[in-house]
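Engineer: With the sequence up front, the predicted model follows.
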Amino acid sequence: MTRNIEAFPAWNEPYDVTAFGTELPLGAHLVAERNGYEHHGIYVGNGQVIHYAGFSRRQRRGPVERISIHCFACGFAVAIQRDTSPCYDGEEVARRASSRLGERNYRLLTNNCEHFCSWCLFGECRSAQVEACLKSPMRAARTLFRLMWVALSIEWPAAQPRAQTA
């Protein structure tokens, strides 16, 4: 499985395919760079993406869900990952993604958003990010540190008592 990333402009505004002069292909494997990792989803048409929400809802694991491309981007740039020789055409990839809507079996190392997309495209669950971390303990430690830093930066302000106004 080889990958080639085709960058698109950041979708920081509500998604409008006319702004890019082309419709995204049905079943496209989308990747959004986040702080220290990549987030993966499948484009299913009409500006919608199906992805594994994972820990996007803080400590609770989120389900496989359909969201707008704007929400999927979350302020980050989004690219199409051109996987070589997927087993299924775009329509079948989108159907496979839809078949798992509502699933709540997220596992960071064995069933994450990248595993989900790999299954939709190839029928097998794989994550290049997890494989790279397992091969390099130093990379794994850096990634874990970044993820913890991001989580703490979100949680710490929310945990602080708010000042009361008179």
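Structural biologist: Looks like it arrived, so ask away.
Engineer: Okay, now the unreliable bits of this protein?
Structural biologist: 1-22, 56-60, 133-134, 139-140, 143-144, 146-166 (pLDDT under 70).
Engineer: in the protein, which spans are helices?
Structural biologist: Using DSSP state H, the helices of the chain run over residues 69-73, 90-99, 113-122, 128-135, 137-159.
Engineer: For stretch 95-109, measure first residue to last.
Structural biologist: With Cα to Cα, to the nearest Å as the measure, stretch 95-109 spans 25 Å from end to end.
Engineer: Now do residue 39: how many residues are near it, please.
Structural biologist: Using other Cβ atoms under 10 Å, residue 39 has 23 neighbouring residues. All C-beta atoms are positioned from the backbone trio N, CA, C, and that covers glycine.
Engineer: buried stuff in stretch 118-126?
Structural biologist: 118, 119, 120, 121, 122 (16 or more other Cβ atoms under 10 Å).
Engineer: which of the residues you listed lies closest to residue 138?
Structural biologist: Of all the buried residues of stretch 118-126, the one sitting nearest residue 138 is residue 118; the distance, using Cβ to Cβ, is 24.7 Å.
Engineer: right, and that closest one touches residue 125 too?
Structural biologist: Yes - the pair residue 118 / residue 125 is scored as a contact, 5.8 Å apart, by Cβ atoms under 8 Å.
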